[in-house]
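S.K.: model the structure of this input:
(2 chains)
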Amino acid sequence: MIELDAAIQTRLNALPSGNVDPDELQAIGRRVRKALKAAGARVKPLRIGVVSSFLTDMLADALVASLARRGILAEIDAAPYGALPGHLLAEDAPFAGCDLVAILPTHRDLLRKPPLGAGPEDARQAAAAESNFWASLWTKLSCPVVQLSFDTPAARVLSEGDGFLPGGALRHARDTNSLLFEAAPANVALIDAEALAAWIGPAWHDARTYALCKQPFANAAVGELAEALASAAASLLGKARKALVLDLDNTLWGGVIGDVGLEGIALGMEMAEGEAFVAFQTYVRSLAARGIILAVCSKNKHEIALDAFRNHSGMVLKEEDIACFAINFEDKATNLRRIAETLNIGLDSLVFVDDNPVERGWVKQQLPEILVIDLPPEPAGYARAIEAARPFPLQRLTAEDLRRGQSYRALAAQSELASSASDLDQFLAGLEPRATLEPLSAATSDRIVQLIRKTNQFKLNPRVFNLDELAFPGRHVLALSFADRMQDHGIVAVAVYEAGEDCIDVLNWVMSCRVFSRRLEHVMLSELAKRARAIGAGFVRAPFVSSPRNDIAWTFLEALGFTRKDGDVLEVRADAVVDGAGFMAIFDGSNEQ
Amino acid sequence: MTREDVRLRLQGIFRKIFDDESIELLDATTADDIEEWDSLNQIKIILAAEEEFGHSLNARRISTFDNVGDMIDYLIEVTGGGAA
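M.R.: Next up is the predicted model:
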């Protein structure tokens, strides 16, 4: 962290994660600025240039504090009031020596709006000219730029048409903003002024403050604008956060799972509380999809908590969405340090979400680098509380963002077994997997019938079987149970087959999604191929009916070597089957060979 | 609302804006007594007072006042002495 005296640091740390009091932010900012002035050449803050067409004095104070709470010690180099765009045009090298410049116009600076009655082509050309002019200002600067896009005018002269009709001021602002974004190079971050104004509400347009001191928004808006600018600046300066670390009980679901059990937690669409947690999980999952790494830090029994991820129908987040689990009864600061080490990222990349104010307070105190989200008591407000902290600024979505979750999961998996595992086979072997061939018996038949009925993803076709149909003469049932050093999964895969003329004819084959990626499909196919060879048959064939839900099955089958013979029949040569699960211990508990 | 109530509420606004809990407002206090009391902070005081007392204030009139005593009299006048 930056060097600030303890009193300032204490006030910075005491700021809530979102919806900060603008007065407090400005007061802290002034203290930081004074401290910097007093320190003279001893400290080297970043220089942030600010150029605007409105008064930025109050904003500048708040901005210094918003940057400081993101670990950026900055001094402000403000152009004179109203110097936009003149200051950028007049000088050869404006803001020379600045590390970043904020360009802050308003809709009042849009000078190329087409007249009323203009056509769509006029509107396009006007927006292009407007955007070209403002984009050209960036070329005057050699440092990163945070550009506020054009806000929407308070008055909508064309009523509901103002945003849609050529000649509408709102439409011109929107068109210009879109083109400006398209034109922005990687070192320019745009703030979406329309979204920001909607977030802030009525305080964004304040005619009285504008009349008094040429600040077009009320003081209440200063904090949010400063936070938005600081968040974008942090991203450009390499200080964006990367990972969201989540508590479980009363954060991802309602209730304490260790007390109320899997069935007792509030999660699912049956009741309002459960629905709020589903909505929050959905939000978190969408963050993961855009590249935010997810981790879990919870005081719980590991197996009990993981059981919810694996077996609770209301869970939107799945085990594979989480890159790193720290579920134990150690203190959370220790676990957060471990998570950062495992993921090989800094503590200042972490965002911590926990419903318990005591845990939050402890983490804030122990690890001030971590952004701790102040959650409201109601789960329905959780997502907004994260949004309010603006922890994950983003300008461009890259292919790496979209792949990130995967690679961090792999990294975490490797690091968990860092001493012994060098590849995936070894990792899987380290789980000590055991597959057992189970007989069709009174003890297993209900589960076998149910598994075929309930499985949706790895399922070759819709055909199901009752007990009589399974026991039909000439029909064979191959059931596999699966266990590893963590848990016993029970029967998780079933194939029903008959002996054909030159093949084993698989009527249906299902596998529970709980054991996907454990290679159990290899065990099943190897067993089928072995049985084909035993009766002198050259092929394993199976009817495959694709549906939106069983896409994944085809992915597996193709990897196993199946090809489409004709129509919906798949086949693989029995002597071409490669055992991809040589690391697995296999037991034969059936009496059928 | 007594004159003392108004003085204390105004004092609270000053303490927050100037980030200084030691400020004591007297009738005779002027802009010269508080180092950072410039025109911008003057506006912040007006806006904060409007919020605090729930009445819009005349910025032009306030700019003619000699001291805090005048401001307190004015606040009592616009709030009718009994406002929230």
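S.K.: A:Glu369 falls within a helix, correct?
M.R.: No: A:Glu369 is assigned coil when assessed by DSSP: H, G, I helix; E, B strand; the rest coil, not a helix.
S.K.: and A:Ala184, how many residues sit next to it?
M.R.: For A:Ala184, the neighbour count with other Cβ atoms under 10 Å in any protein chain shown is 19. C-betas here are computed from N, CA, C, even on glycine.
S.K.: where does the nearest residue to it once chain neighbours are set aside land in three-state SS?
M.R.: Ranked by Cβ to Cβ, 6 or more residues apart in numbering or on different chains and with sequence neighbours excluded, the top spatial neighbour of A:Ala184 is A:Leu190, at 5.9 Å. State at A:Leu190, reduced to three classes by three-state DSSP: strand.
S.K.: okay, now A:Leu190: neighbour count?
M.R.: 17.
S.K.: touching, it and A:Phe150? I think so.
M.R.: No: using Cβ atoms under 8 Å, A:Leu190 makes no contact with A:Phe150, being 10.3 Å away.
S.K.: now do the shared contacts for those two.
M.R.: Common neighbours of A:Leu190 and A:Phe150 (criterion: Cβ atoms under 8 Å, 6 or more residues apart in numbering or on different chains): A:Asn177.
S.K.: thinking again about what came up before, which ones are touching the residue nearest to A:Ala184?
M.R.: Contacts of A:Leu190 (Cβ under 8 Å, 6+ apart): A:147-149, A:177, A:180-181, A:184, A:232, A:395.
S.K.: can you list the low-confidence ranges for chain B?
M.R.: For chain B, residues meeting the criterion pLDDT under 70 lie at B:81-84.
S.K.: now do chain A
M.R.: Residues of chain A that meet the cut-off, pLDDT under 70, sit at A:1-3, A:405-424, A:427, A:486-487, A:514, A:591-593.
S.K.: not counting sequence-adjacent ones, nearest residue to the residue of the stretch 401-550 of chain A found nearest chain B?
M.R.: Using Cβ to the nearest Cβ, A:Asp401 is the residue of the stretch 401-550 of chain A that sits closest to chain B, at 40.8 Å. Closest residue to A:Asp401 apart from its sequence neighbours, by Cβ to Cβ, 6+ apart: A:Gly291 at 3.2 Å.
S.K.: equivalent analysis for A:Arg564, please.
M.R.: The nearest residue in space to A:Arg564 (Cβ to Cβ, 6+ apart) is A:Leu570, at 6.0 Å.
S.K.: now the helices for chain B?
M.R.: Remark: helices assigned in chain B by DSSP state H are B:3-17, B:39-53, B:59-62, B:68-78.
S.K.: got the phi and psi for B:Ser63?
M.R.: phi -70, psi -10 (degrees, to the nearest 10).
S.K.: and A:Leu4, that's in a strand?
M.R.: No: A:Leu4: not assigned to a strand; according to three-state DSSP it is coil.
S.K.: got a list of what residue 45 touches?
M.R.: Using chain A. A:36, A:73-75.
S.K.: my question was about chain B
M.R.: Here B:Ile45 is in contact with B:13-14, B:17 (Cβ under 8 Å, 6+ apart).
S.K.: likewise for A:Gly561?
M.R.: Counted by Cβ under 8 Å, 6+ apart, A:Gly561 has contacts A:572-573, A:576-578.
S.K.: apply 7 Å and report the result again.
M.R.: A:572, A:576-577 (Cβ atoms under 7 Å, 6 or more residues apart in numbering or on different chains).
S.K.: can you tell me which residues in chain B are near chain A?
M.R.: Contact residues, chain B versus chain A (Cβ under 7 Å from any Cβ of the partner chain): B:16, B:19, B:40, B:43-44, B:47, B:59.
S.K.: tally of neighbours for whichever residue of chain B sits closest to chain A?
M.R.: In chain B, the residue that lies nearest chain A is B:Asp19 (3.9 Å; Cβ to the nearest Cβ). Using other Cβ under 10 Å, B:Asp19 is surrounded by 18 other residues.
S.K.: try A:Arg174
M.R.: 18.
S.K.: got it, and A:Ala38?
M.R.: A:Ala38 has 10 nearby residues by other Cβ under 10 Å.
S.K.: what subset of the contacts of A:Gly561 is buried?
M.R.: Neighbour counting over those (16 or more other Cβ atoms under 10 Å in any protein chain shown) leaves A:572, A:577 as the buried ones.
S.K.: the contacts of A:Gly561 also near chain B: which ones?
M.R.: Counting by Cβ under 7 Å from any Cβ, no member of those reaches chain B.
S.K.: contacts only, for A:Gly49.
M.R.: A:77, A:95, A:98, A:101-102.
S.K.: any chance of the residues you listed in CSV, plus distance to A:Leu59 and neighbour count?
M.R.: Shown next, in CSV, are the contacts of A:Gly49 (distance: Cβ to Cβ, whole Å; neighbours: other Cβ atoms under 10 Å in any protein chain shown):
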residue, distance to A:Leu59, neighbour count
A:Asp77, 14, 18
A:Phe95, 17, 25
A:Cys98, 17, 21
A:Val101, 14, 27
A:Ala102, 9, 27
